[in-house]
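**Student:** sequence isn't available, so here's the structure alone:
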């Protein structure tokens, strides 16, 4: 708390700088352009490097800048709109599904997942890993937890390993009548395995979409999908294509 | 880039500490409990204060910790599930609306908003500010942009100022036939005015929900709502109540 009350409560220096930088990005820089180095930027705006870094972190959070190892800081393209299915009668793996199965294992899920699924504390469930790309870039990673009771007819012959096994599990689950699905979205941070798949460092901000698939009055499958928060805008609803680049929120101040 | 490749790519120190701290939070601490100070925590886990701070920031991002001026770091309660309406035929201000009108002014919106609304670059629109609380705490702030052409019969007599004016604008917009609404969610940072209303510092992470209300083949109103990312989990769909405390993602590692 080395700053004065005025600075920290009213408008921190980095916040003012963020606003100035936002205007500079709008007027002077093109998408993909590399920003000058931190020393030059700090000199140009007459601020300490620590202040500059805070402002750059802020703009990265808002999706305006990308910082990449070995490249530097570049002006980010507009966030990609990614449709999050809310169709009440589509199982994962159905025809228009945007996800690619990667593999499937039998594993004891985290306690919070077991609680939602109503499985025992040491009961293994099918854990299908899937990935999703948009415009050639990885945008999301998913773990789909399916209790064995949801796919009782799955045989070892149907399901060898890897992506083939994942597809077999998804094919089996389609047999159940889907009564509805419920989504929630919250802020999270990328676990090491997700981070690798998303080409980010562990701890990078992600949007976590949890979906419960309901069948026979219970949760027949639970999906936990992590979307890159820097490059994605999640769209909900029938048409989905909300075409506001960067969102009006970022441009408003 | 003062760290080695191994540290920064595989598992940074703070990330390992975050995992250890998460386990400690689950087993040793109760919701609302104040954590020991940074010096004592750093000593207990044998890490540098900078590493500790990074881990604490991470856990704050994940909604596990709250850091408040003058109080210290406390264990956060589970995030509150906040339903984001996806009913295709509900205008803002209809009967079950959870938002409270605060005021309404005529103002030229940001360029990105004007583009979506199809209004001219210098054309003022009704800008209704609303707020939303949950369990007595502010959880979201909204700016609702409504072109004058959407409420042609609004008179100055109907609409004096403040909350009364906001209610009059919302009453008028209900006259239009609502053809649909489209939502998108992305990560943003709180503007100074929103931050104040949400009891946060400017730049705090927020979930930005943008909703386009469609009528007569055009966007008749545009809502930009910012939800506190630390305390909220947004729920979509009919029933809404996804009851996974903290989300399985956080508990999974």
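**Tutor:** Received the coordinates, thanks. Note that the structure is predicted; figures quoted are calculated from it, not measured.

**Student:** and the strands in the stretch 151-253 of chain A?
**Tutor:** Applying DSSP state E, counting those that start in this stretch to the stretch 151-253 of chain A gives strands spanning A:180-189, A:205-215, A:218-228, A:232-236.

**Student:** can you list these in JSON lines and add distance to chain B and mean neighbour count?
**Tutor:** (C-beta placed from N, C-alpha, C; glycine too.) As requested, these are exported to JSON lines (distance: least, Cβ to the nearest Cβ, whole Å; neighbours: other Cβ atoms under 10 Å in any protein chain shown):
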{"stretch": "strand A:180-189", "distance to chain B": "4", "mean neighbour count": "24"}
{"stretch": "strand A:205-215", "distance to chain B": "5", "mean neighbour count": "23"}
{"stretch": "strand A:218-228", "distance to chain B": "5", "mean neighbour count": "24"}
{"stretch": "strand A:232-236", "distance to chain B": "4", "mean neighbour count": "25"}
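
**Student:** for those, give me TSV that also has mean pLDDT and distance to residue B:160.
**Tutor:** Converted to TSV, those look like this (pLDDT from 0 to 100; distance: least, Cβ to Cβ, whole Å):
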stretch	mean pLDDT	distance to residue B:160
strand A:180-189	90	38
strand A:205-215	94	41
strand A:218-228	95	44
strand A:232-236	90	36
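
**Student:** low-confidence stretches in the stretch 51-200 of chain A?
**Tutor:** Applying pLDDT under 70 to the stretch 51-200 of chain A picks out residues A:86-89, A:156-159.

**Student:** near chain B, which residues of it?
**Tutor:** A:58, A:61-63, A:69, A:79, A:81, A:84, A:86, A:88, A:109-113, A:115-116, A:143, A:180-189, A:191-192 (Cβ under 8 Å from any Cβ of the partner chain).

**Student:** list the buried residues in stretch A:81-99.
**Tutor:** By 16 or more other Cβ atoms under 10 Å in any protein chain shown, the buried positions in stretch A:81-99 come out as A:81-86, A:90-93, A:99.

**Student:** same check, this time on stretch A:24-33
**Tutor:** So stretch A:24-33, judged by 16+ other Cβ under 10 Å, has buried residues A:25, A:29.

**Student:** quick one: contacts of it?
**Tutor:** For stretch A:24-33, contacts defined as Cβ atoms under 8 Å, 6 or more residues apart in numbering or on different chains pick out A:35, A:59, A:64-65, A:74-78, A:251.

**Student:** check stretch A:95-108 too.
**Tutor:** Here stretch A:95-108 has contacts from A:83, A:85, A:90, A:92-93, A:114, A:121-133, A:142, A:148, A:159, A:161-163, A:165-170, using Cβ under 8 Å, 6+ apart.

**Student:** surely residue A:21 is in contact with residue A:57?
**Tutor:** No - Residue A:21 is beyond contact range of residue A:57, at 11.5 Å (criterion: Cβ atoms under 8 Å).

**Student:** rewinding a little: what remains of the contacts of stretch A:24-33 if I keep only buried residues?
**Tutor:** The buried subset of those - by 16+ other Cβ under 10 Å - is A:35, A:59, A:64-65, A:74-76, A:251.

**Student:** nearest to residue B:154 among the residues you listed?
**Tutor:** The nearest member of the buried ones among the contacts of stretch A:24-33 to residue B:154, counting by Cβ to Cβ, is residue A:251 at 26.7 Å.

**Student:** in a helix, that's where residue A:19 is, yeah?
**Tutor:** Yes - assessed by DSSP: H, G, I helix; E, B strand; the rest coil, residue A:19 belongs to a helix.

**Student:** give me the distance between it and residue B:212.
**Tutor:** Separation of residue A:19 from residue B:212 (Cβ to Cβ, to the nearest Å) stands at 26 Å.

**Student:** contacts for stretch A:194-204?
**Tutor:** Outside stretch A:194-204, the residues within contact range by Cβ under 8 Å, 6+ apart are A:131, A:137-141, A:189-192, A:206, A:226, A:228-230, B:8-9, B:11-12, B:14-15, B:18, B:58.

**Student:** now, of the contacts of stretch A:95-108, which are buried?
**Tutor:** Among those, those classed as buried by 16+ other Cβ under 10 Å are A:83, A:85, A:90, A:92-93, A:114, A:125-132, A:142, A:159, A:163, A:165-170.

**Student:** how does chain A divide into domains?
**Tutor:** Listed by automatic domain parsing, the domain ranges of chain A are A:13-75, A:82-245.

**Student:** so which of those is nearest residue B:155?
**Tutor:** Per Cβ to Cβ, nearest to residue B:155 of those: domain A:82-245, 31.2 Å.

**Student:** any idea how far that closest one is from the chain center?
**Tutor:** Computed by Cα atoms, centre = their mean, to the nearest Å, the chain-centroid distance of domain A:82-245 equals 12 Å.

**Student:** same deal with stretch A:29-47?
**Tutor:** How far stretch A:29-47 lies from its chain's middle: 28 Å, per Cα atoms, centre = their mean.

**Student:** endpoints of it, how far apart?
**Tutor:** Stretch A:29-47 stretches 20 Å from its first residue to its last (Cα to Cα, to the nearest Å).

**Student:** quick one: mean pLDDT over it.
**Tutor:** Per-region confidence: stretch A:29-47 scores 93 on mean pLDDT.

**Student:** for the spatially most central residue of chain A, list each beta-bridge partner.
**Tutor:** The centroid of chain A falls nearest to residue A:227 when counting by Cα atoms, centre = their mean (1.1 Å). On the basis of DSSP bridges, residue A:227 is bridged to residue A:140, residue A:207.

**Student:** ok, now how distant is it from residue A:99?
**Tutor:** With Cβ to Cβ as the criterion, residue A:227 and residue A:99 are 12 Å apart.

**Student:** what do you get for residue A:183?
**Tutor:** On the measure of Cβ to Cβ, residue A:183 and residue A:99 end up 15 Å apart.

**Student:** regarding residue A:120, what is its secondary structure?
**Tutor:** Applying three-state DSSP: residue A:120 is coil.

**Student:** for residue A:65, give me its contacts.
**Tutor:** Residue A:65 touches A:25, A:35, A:56, A:59, A:73-76, counting by Cβ under 8 Å, 6+ apart.

**Student:** which of those lies closest to residue B:39?
**Tutor:** residue A:56 (29.2 Å).
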